[in-house]
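In: one predicted model, sequence on top.
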Amino acid sequence: TGHFTFDPGYGSTASTQSAITYIDGDKGVLLYRGYPIEQLAEQSSFLEVAYLLLHGELPNRDQLATFEDQITHHTMMRESQKDFFKGFHHDAHPMAMLAASMASLSAFYHDDLDVYNPEDRKLAAIRLIAKMPTIAAACYRYSIGWPFRYPRNNLEYVSRFLHMMFEVPSEPLELNPVVPKALDLLFILHADHEQNASTSTVRLVGSTGANPYACIAAGITALWGPAHGGANEAVLKMLEEIGTPDKVETAIRRAKDKNDHYRLMGFGHRVYKNFDPRAKIIREMAHKVLNELGVDDPLLDVAMKLEETALKDDYFVERKLYPNVDFYSGIIYKALGIPTEMFTVMFAIARTAGWIAHWIEQHETPGTRIGRPRQLYVGSTPRDYVPMTKR
Ligand code: CMC
């Protein structure tokens, strides 16, 4: 009983109004605050996009400089926060460490934080965007047993992160300029995607008035699943498992078999039924990055063969399954030297901008109510308790 609309997986329920991101799934359109993703990818930077998502307008030169300054000011982790890492086994997944570290931030920034105060919300957004790369790099360094590096605040956002990841003492890190450029582009493409599972999670937790760092920790855990952000790691593992283009047919056959749980990772999307505009940009980028770095990765051949074969196959055509944002991103991350287990962490760094923009929008919207879905009950009718001796 109950008089509710049944909409499993929220295929047709708008959970909120939002002015941040627009998607037209049939036409393959993605806009951040009205600006096409293609133009932002070509001309913008990740921090400029973060500002745009948060404030609704592109910054002028001074506004961007101030924003970058504020971010730079907050890049450090508290020393004592580092101790949390020591509790993890060395082979803990970086996403598990990231989620736990983020939740621990809610213990550092709590009592003096009023989620109903706009200034406090702004500061939380800046801290989050600033600290995320520092914590993410710490997760990686811990997993390989290396000491953490402090953020170098004379560097730009993406280069600073790459230094925290890869720098070793007294050896300058030589970065091919294509590396920070490609990473910045990937961050732009992943920065927001309206009410996806992780953003909806952040909003649902946010609707209870919870601490923003706790909300983002919830978003990170939602992102981790292979149907969502975990797909980029899963794609690379799948491509490695397939190994060579001649094995692609077998993978496609398995993906079509309904008795097999196997899916083509990086394929399909709830909203995009024509193409994923981010995948188009990333596909081009993958070729460019590999070329410029002089990397010859056989997995790119496997990916291209997989794409070509699937796009000609009735099963995928009928279901409108196309490569999504995660299909080619792993190949780029790999070429940039990012280890596979860190792929979803990279996604989380970028999506933090979107998550916190949604959290702020939610708190700025008058009349926002707690998120409280209903259910269709399918359990037992009332019955009497049976004493243990009679069971
Ligand atoms: N391989 C094989 N079959 C698929 C796939 C796939 N990757 N994706 C969907 N299908 C089939 C599915 O079995 C179903 O077939 P049928 O109608 O015969 O039962 C049909 O296509 C519709 O699929 P669905 O699961 O109802 O679609 P959904 O909108 O609920 O799920 C999805 C969308 C992205 C979770 C799903 O396509 C998927 O699991 N893809 C692989 C994982 C992936 O790449 N995820 C990243 C998404 S983009 C980035 C992000 O969100 O973080």
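Out: That came through, no problem.
In: list the buried residues in the longest helix anywhere in the chain.
Out: Longest helix in the chain, counting residues (DSSP state H): helix 118-144. Going by neighbour count (16 or more other C-beta atoms under 10 Å), the buried part of helix 118-144 is 120-121, 123-143. Glycine gets a C-beta too; all of them are placed from N, C-alpha and C.
In: from the chain's centre, how far out does it sit?
Out: Relative to the chain's own centre, helix 118-144 is displaced by 14 Å; criterion: C-alpha atoms, centre = their mean, to the nearest Å.
In: and for stretch 277-285?
Out: So, by C-alpha atoms, centre = their mean, the centroid of stretch 277-285 is 16 Å from its chain's centroid.
In: same check, this time on stretch 256-267
Out: Counting by C-alpha atoms, centre = their mean, stretch 256-267 comes out at 22 Å from the chain centroid.
In: nearest spatial neighbour of whichever residue of the chain sits closest to the ligand, skipping sequence neighbours?
Out: Nearest residue of the chain to the ligand: residue 268, at 2.4 Å (C-beta to the nearest ligand atom). Distances taken as C-beta to C-beta, 6 or more residues apart in numbering place residue 321 nearest to residue 268, at 4.3 Å, with adjacent residues excluded.
In: in this structure that neighbour contacts residue 314, no?
Out: No. At 11.1 Å, residue 321 does not count as touching residue 314 under the criterion of C-beta atoms under 8 Å.
In: among these two, which residue is more densely surrounded?
Out: A side-by-side neighbour count of residue 321 and residue 314, using other C-beta atoms under 10 Å, places residue 321 first with 20 against 8.
In: what sits against the more buried one?
Out: 264, 267, 268, 310, 315 (C-beta atoms under 8 Å, 6 or more residues apart in numbering).
In: same thing with residue 208?
Out: So residue 208 contacts 370, 371 (C-beta under 8 Å, 6+ apart).
In: and the gap between it and residue 229?
Out: 23 Å (C-beta to C-beta, to the nearest Å).
In: what is the neighbour count of residue 71?
Out: Counted with other C-beta under 10 Å, residue 71 comes out at 23.
In: quick check: what element follows the longest helix of the chain along the chain?
Out: Using DSSP states H and E, the helix or strand that follows helix 118-144 in sequence is helix 157-166.
In: give me the mean pLDDT for that next one.
Out: Helix 157-166 shows a mean pLDDT of 97.
In: and it, what's buried?
Out: Buried residues in helix 157-166 (16+ other C-beta under 10 Å): 157, 158, 159, 160, 161, 162, 163, 164, 165, 166.
In: and the furthest pair within those?
Out: 157 and 166 (15.5 Å; C-beta to C-beta).
In: in ChimeraX, select just the buried ones from the contacts of residue 321.
Out: A single ChimeraX command is used to select the members of those judged buried by 16+ other C-beta under 10 Å:
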select :264,267,268,310
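In: from the contacts of residue 321, which is closest to residue 391?
Out: Of those, the one sitting nearest to residue 391 (C-beta to C-beta) turns out to be residue 268, at 45.8 Å.
In: touching, the closest one and residue 322? I think so.
Out: Yes. The pair formed by residue 268 and residue 322 meets the contact definition of C-beta under 8 Å, at 7.4 Å.
In: which helix or which strand is home to residue 77?
Out: Here residue 77 is assigned to no helix or strand, by DSSP H and E.
In: got the phi and psi for the closest residue to residue 275 other than its chain neighbours?
Out: Once flanking residues are discounted, residue 275 sits nearest to residue 28: 4.6 Å by C-beta to C-beta, 6+ apart. Dihedral angles of residue 28 (phi, psi; degrees, to the nearest 10) stand at phi 70, psi 40.
In: what's the local residue count around residue 28?
Out: Neighbour tally, residue 28, other C-beta under 10 Å: 19.
In: tell me how many other residues crowd residue 304.
Out: For residue 304, using other C-beta under 10 Å, the count is 17.
In: then residue 48?
Out: Residue 48 has 19 nearby residues by other C-beta under 10 Å.
In: who touches the residue lying closest to it once chain neighbours are set aside in this structure?
Out: Spatially, and ignoring its direct neighbours in sequence, residue 48 is nearest to residue 64 (5.9 Å; C-beta to C-beta, 6+ apart). Residue 64 is in contact with 47, 48, 51, counting by C-beta under 8 Å, 6+ apart.
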